[in-house]
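**Q** Below are the sequence and a predicted model; questions follow.
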Amino acid sequence: MNKKLKLEIGKNFGKWEIISHKTIRKNNLTHWLCRCECGTEEYIPLNNLMNGSSTQCRNCATKQSGKKRRKGHELISGDYWAQIKFQAKRKQLPFEIRIEQAWKKFEEQKGRCFISNKEIILTGYPYNKKETTAILSLIIPHIGYVIDNIIWIHKDIAKLKGELSYKELLNIVYEIEKYNRYSNHKRAGQLAKQYKVPVGILGCPNCGAEHHGGIFSEICTFCGENMFKNHEK
């Protein structure tokens, strides 16, 4: 009579790890409870473990197979690259760059937005649209995707940019900043005169935070309390 084969808990077969001595019989085969590196738990036939026909779960096998067939490069997935090419075709824009050139541009920018310097993320394979924040944009839209006309920007900046050129976007941002700077300084002067306080640095009496360059509101931006409640008008 053959002795029942005993496997040690923790023994590995590829990505599978034996996690229990509990077994089940199915189709006249002994199945052992295993856990894949990804966390998937499943009963696997002992024969399949021993002969190497099963080394990982189906999801990991699918991903591995996809990596072998993938058309992407580094952290730019094939699916993401296909979307970029589709958008260029839909807008009838020239497309004269290779995926390797786009990746090199990403490296030159050190993974940061060309306009805001904010970190941008490419998820690689498989493509995760929700977590991807890097958008391949154009300095001058109508020129299309040529090597000296592409930049990587954050998706939030891309929403603002739309079909604007890089220069047009910066001009608009400058006008907004200039208007708000004038309005804020005007408001700071009004509050200083109203409450008889200096226009420069003012410490919030509630939380102690220092406000540099003028006070633009009666409410402290740090603690949310009225900074002038003890001041006489």
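**A** Alright, I've got the coordinates. Residues are numbered from 1 along each chain as shown.

**Q** CA only for contacts and neighbour counts going forward, please
**A** OK.

**Q** can you give me the strands for the protein?
**A** 12-13, 16-26, 29-35, 41-45, 134-138, 150-154, 202-203, 210-211 (DSSP state E).

**Q** Next, the buried residues of the second one.
**A** Residues of strand 16-26 classed as buried: 16-19 (neighbour count, 16 or more other CA atoms under 10 Å).

**Q** Ok, which of the strands of the chain comes nearest residue 58?
**A** Residue 58 lies closest to strand 41-45 among these, at 10.5 Å (CA to CA).

**Q** Report all helices and strands that the closest one contacts.
**A** Secondary-structure packing of strand 41-45 (3 or more CA pairs under 8 Å, 6 or more residues apart in numbering; DSSP states H and E): strand 29-35.

**Q** re earlier: need the strands of the chain in CSV (columns: mean pLDDT).
**A** Conversion of the strands of the chain to CSV gives the following (pLDDT from 0 to 100):
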stretch, mean pLDDT
strand 12-13, 94
strand 16-26, 92
strand 29-35, 93
strand 41-45, 94
strand 134-138, 96
strand 150-154, 96
strand 202-203, 60
strand 210-211, 58
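
**Q** Pick the most buried one from those strands.
**A** With neighbours defined as mean count of other CA atoms under 10 Å, the strands of the chain peak in mean count at strand 150-154, which reaches a mean of 24.

**Q** Pairing partners for that one, with directions?
**A** Applying DSSP bridges to the sheet, strand 150-154 is found paired with strand 134-138 (antiparallel).

**Q** What are the contacting residues of the partner strand?
**A** Outside strand 134-138, the residues that touch it by CA atoms under 8 Å, 6 or more residues apart in numbering are 84, 113, 120-122, 144-145, 149-155, 158, 165-166.
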